[in-house]
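S.K.: Output the structure for:
(one chain, ligands or ions: 3)
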Amino acid sequence: MAKIDILVGLQWGDEGKGKFIDRMCPNYDIVARYNGGANAGHTIYWNNKKVTLKLLPSGIFYSHITNVIGSAVVIDPTQLRQEIEQLAAVSPEISFESQLIISQKAHLVLPTYKYQDIYAENSGASRKIGTTKNGIGYAYSAKTLRQGFRVADIFVPDFAEEAATVMRREYLQLEALGQKMIGFDELLTTFLNDVAYLKQYTIADTELLINAALKGNKRILAEGAQATMLDIDHGTYPYVTSSNTIAAAACVGLGVPPQKVGEIYGVIKAYNTRVGEGPFPSEINDHIAETIRIRGNEFGSNTKRPRRIGWLDLPALKYAIMLNGVTQLIMTKSDVLNGMESIDLCTHYQLDGGLQEIYPSGQDLGKATPCWKSFPGWDIDFSAITSKEQLPYELKSYIEYIESELEIPLAYLSISPKRDDIIEMR
Ligand code: GDP
Ligand code: IMO
Ligand code: MG
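M.R.: Ligands and ions are numbered 1, 2, ... in the order given. Take a look at the predicted model:
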């Protein structure tokens, strides 16, 4: 029987997961999103055009791939409709009717959840997380409280009435707090229209489909959104997203037993970025950070916010590799560091007068200071590189050090945003 492979981000998101999933599609039959919602932004270059996918799985451009939105994803119907319509306009060859399958257990993001998220972020009345304001936390809260609406509910005759009741209550509360919103009738009508629009696509028990596909020896790739350090349990809580992001969440989100998992691809950038609030010990704020931000185009794919920049953090990566059980390591964006005089790397933390290699958690994280190791930089024309042998000596040394510390060899190195600019390292 076939196994399901999982691709997961090992830092704070935006590692280049979309690029790799797109690149790996020829080897798969199904690509299945297992967590998160429209907070994701996965960039793909298709026919030399840049596309950012938020809810649609990254296999959508391939006619042979079935794209599954799994049950632990939270779906904003308006966002999904916009994404489909925008893509259909530029890529009419995509058949969403045959290439997309939505779990009937996936929860819906109500438009009032987004306003709640905006209110919480802007009002100063709640802890500021720096969310993407997509209502993600509110959708998962409603799910956990067992008050959420699932995709299956849209077929129930009194769905419109029940959703309107919840939305009206939330709307009135937000209005009383002074939150600016579009009129309630327009909000409700748009939501119900977009929900009705979704009915034309295949809505199914995706866990049955995926398990049957495994039995039939189909090759499946589970697409992680966000990343390990944003995991609700194991990330830098409370500055995390509201879903489990790690590889184990693919089993839950897609309904696959753990023994059916095959390869676990872990993606890292050659440096670190983070969007939103929260601890980021290896962060740098000098002119080097600015250079990396500009060269690496480190502005949110989704929200356009400037991403915070830092050096690689080995304790955090060791922790992420442990949590995910990574079997294949992928590094992106080494080209962005091209031309730097030196590259730093956080090897340990100084905490309470001692050195530690383990990523500090909870309150300790705020007290820990990083210990650095410096590497000489590299400066070559990356566009001419097609094989491992052509990589500059300094980059190879940087990679070798990381491999020995992480105790896992690098399988692939990406050297540009383009699909084919990937070097096989083994
Ligand atoms: P994801 O959320 O993990 O899919 O990553 P994003 O798409 O949000 O952000 C990654 C960004 O880096 C995108 O703009 C990609 O086009 C770009 N990218 C991916 N790999 C490379 C690489 O090796 N070099 C450079 N320069 N850019 C890359
Ligand atoms: P991809 O899949 C980077 C961050 C937000 C914020 C925190 C909570 O493209 O890697 P949320 O809207 O989820 O409640 O915000 O999580 N965040 C991401 N950061 N990449 C993402 O997705 C992210 N999705 C959420 O910036 O700090
Ligand atoms: Mg992204």
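S.K.: how close does Lys143 sit to ligand 1?
M.R.: With the distance defined as CB to the nearest ligand atom, to the nearest Å, Lys143 ends up 23 Å from ligand 1. All C-beta atoms are positioned from the backbone trio N, CA, C, and that covers glycine.
S.K.: For that residue, which non-adjacent residue is spatially closest?
M.R.: His107 (4.8 Å; CB to CB, 6 or more residues apart in numbering).
S.K.: Verify the stated contact: the one you found with Phe149.
M.R.: Yes: between His107 and Phe149 there is a contact under CB atoms under 8 Å: 6.8 Å.
S.K.: Report the set of residues contacting both of these two.
M.R.: Common contacts of His107 and Phe149 (CB atoms under 8 Å, 6 or more residues apart in numbering): Ala142.
S.K.: residue ranges with poor pLDDT in this structure?
M.R.: Low-confidence regions of the chain, defined here as pLDDT under 70, do not occur.
S.K.: Which elements pack onto the lengthiest helix in it?
M.R.: The helix that spans the most residues within the chain, counting by DSSP state H, is helix 159-176. Under the contact criterion of 3 or more CB pairs under 8 Å, 6 or more residues apart in numbering; DSSP states H and E, helix 159-176 touches helix 111-122, helix 184-198.
S.K.: strands paired with the helix or strand that the last one is followed by, and their directions?
M.R.: Next helix or strand after helix 184-198 toward the C-terminus (DSSP states H and E): strand 202-204. Sheet pairing for strand 202-204, assigned by DSSP bridges, gives strand 100-103 (parallel).
S.K.: How many neighbouring residues does the residue nearest to Ala160 when sequence neighbours are not counted have?
M.R.: Leaving aside its chain neighbours, Ala160 sits nearest to Leu192 (5.6 Å; criterion: CB to CB, 6+ apart). Counted by other CB atoms under 10 Å, the residues lying close to Leu192 total 17.
S.K.: go on, Ala139?
M.R.: Counted with other CB under 10 Å, residues neighbouring Ala139 total 28.
S.K.: cool, and Gly354?
M.R.: So Gly354, with other CB under 10 Å, has 8 neighbours.
S.K.: Kindly state the beta-bridge partners for it.
M.R.: Residues in a beta bridge with Gly354, per DSSP bridges, are Leu351.
S.K.: Quick check: buried residues in stretch 54-74?
M.R.: Within stretch 54-74, the residues that count as buried by 16 or more other CB atoms under 10 Å are 54-62, 65-74.
S.K.: Please, which helix or strand holds the residue of the stretch 1-150 of the chain found nearest ligand 2?
M.R.: Closest to ligand 2 within the stretch 1-150 of the chain is Gly13: 2.4 Å, counting by CB to the nearest ligand atom. Following DSSP H and E, there is no helix or strand that holds Gly13.
S.K.: ok, now the one 5 residues further on?
M.R.: Assigned by DSSP H and E, Gly18 belongs to helix 17-24.
S.K.: what sits up against that helix?
M.R.: In contact with helix 17-24 (CB under 8 Å, 6+ apart) are residues 7-9, 31, 42-46, 52-53, 57-59, 61, 221, 223-225, 265, 267, 330, 332, 412, 414, 417, 419-420, 422.
S.K.: Can you get me a residue count around Ala320?
M.R.: Neighbourhood size, Ala320 [other CB under 10 Å]: 26.
S.K.: still on that earlier bit, quick check: buried residues in the helix or strand just after the helix holding Gly18?
M.R.: Sequence-wise, the next helix or strand downstream of helix 17-24 (DSSP H and E) is strand 30-33. Within strand 30-33, the residues scored as buried using 16+ other CB under 10 Å are 30-33.
S.K.: For strand 30-33, what is the distance to the chain centroid?
M.R.: With CA atoms, centre = their mean, to the nearest Å as the basis, strand 30-33 stands 13 Å off its chain's centre.
S.K.: Neighbouring strands - and their directions - for it?
M.R.: strand 66-69 (parallel), strand 220-223 (parallel).
S.K.: Out of those, which is closest to ligand 1?
M.R.: Taking CB to the nearest ligand atom, strand 220-223 is the member of the strands paired with strand 30-33 nearest to ligand 1, at 9.1 Å.
S.K.: Run through who's touching stretch 45-53.
M.R.: 18-19, 22, 40-44, 60-61, 83, 87, 90-91, 301-302, 417-419.
S.K.: what about burial for these, which qualify?
M.R.: Counted by 16+ other CB under 10 Å, those give 18-19, 22, 40-44, 60-61, 83, 87, 301-302, 417, 419 as buried.
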